[in-house]
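*Asks:* kindly generate the corresponding structure for this input.
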Amino acid sequence: MAGMVITSCDPKEPEPTPEASNGKIHLKIKTLWYDEPYDNMTIVQDAYGNRLRIENFVSYISSLALKKPDGTKLLLKDYYLANFSNEIDFDFTVPKGDYTGIDFLLGVPADVNTDTDPAQYPNTHPLSVPGSQGMFWSWMTGYIFTKLEGRADTTGTVDEPVLYPFSYHTGDDEYSRNAVLDDFNFTLGAGETKNITLTLHANKIFSPDEHAGINIEEENSTHSPGTLALKFVRNFSEAFSIE
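*Replies:* Numbering: from 1, shown residues only. Alright, predicted model coming up:
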């Protein structure tokens with residue numbers, strides 16, 4: 001009988017797996033009035049003593065991007081119609097590495113703002129007819145970038161109803177503004193999730209830390225270019241902070 005030959009079969013070494021190259025960003029945008037959560041039906045008070053209720057606050061956020069140490073940007077989202085009465089959450093998969101901040105445009109880029117037919121976009125797109133949710137004037141004048149609307153009591157009397165309307169609508173290319181948050185440095189590791197919170201301090205639109213404020217009693221409306229619109233977009237773009 002032939003002898004049986006037994007050979008040893010060592011387990012094969014597993015093939016090395018490539019190192020993961022991505023991490024995740026969980027980005028939250030929340031709105032505060034001073035230190036309290038914003039609610040579009042709550043009556044609040046500004047620095048001028050006006051009592052107000054913000055009933056509608058929406059804005060386009062475009063070109064949302066992470067900033068890199070070499071000055072380049074990593075685009076996270078091209079267009080989004082933000083309703084600031086709700087907490088907003090995004091999840092992004094991004095390459096691992098070093099980042100130095102976030103910036104975004106409040107408004108719509110000039111190359112798609114005017115002379116653009118919103119019917120060219122799918123219905124779910126924020127620049128489409130239904131997706132814009134009324135944030136569009138016409139082909140010639142383009143998109144409404146931001147709407148902030150509500151009612152106020154400017155008498156300073158606690159028991160008075162809030163009946164005095166205020167309304168700030170901005171559009172036109174020169175009234176878009178970048179919100180630049182470049183003092184936030186972090187390293188994202190492979191497989192790591194980084195939680196980032198952007199806070200909009202809505203009170204600073206009316207009473208900024210610097211620059212001139214907006215007193216509803218005297219400046220309650222803008223739907224066209226002018227000094228008040230410029231003041232509004234400047235204060236709005238500087239009202240964000242990052243955690």
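*Asks:* the residue nearest the centre of the chain in helix, strand or coil?
*Replies:* Closest to where the C-alpha atoms of the chain average out (CA atoms, centre = their mean) is residue 61, at 4.9 Å. Under DSSP: H, G, I helix; E, B strand; the rest coil, residue 61 falls in the strand class.
*Asks:* show me the contacts for the closest residue to it other than its chain neighbours.
*Replies:* Excluding its sequence neighbours, the residue lying closest to residue 61 (CB to CB, 6 or more residues apart in numbering) is residue 80, at 4.7 Å. (Glycine included, C-beta is placed from N, CA and C.) The contact partners of residue 80, by CB atoms under 8 Å, 6 or more residues apart in numbering, come to 60-62, 64, 126.
*Asks:* tell me, what's the model's pLDDT at residue 80?
*Replies:* If you check residue 80, the pLDDT there is 98.
*Asks:* could I get the buried residue list for the strand or helix carrying it?
*Replies:* Element membership of residue 80 [criterion: DSSP states H and E] is strand 73-83. Within strand 73-83, the residues that count as buried by 16 or more other CB atoms under 10 Å are 76, 79-82.
*Asks:* next SSE after the lengthiest helix in the chain?
*Replies:* For the chain, the helix with the greatest residue count under DSSP state H is helix 227-237. Per DSSP H and E, the first helix or strand lying C-terminal to helix 227-237 is strand 240-242.
*Asks:* that next one packs against which elements?
*Replies:* Packing partners of strand 240-242 (3 or more CB pairs under 8 Å, 6 or more residues apart in numbering; DSSP states H and E): strand 177-181, strand 193-201.
*Asks:* quick one: closest of these to residue 208.
*Replies:* Comparison of these against residue 208 by CB to CB identifies strand 193-201 as nearest, at 9.2 Å.
*Asks:* can you pull out the helices in the protein?
*Replies:* Using DSSP H, helices in the chain cover 110-113, 203-206, 227-237.
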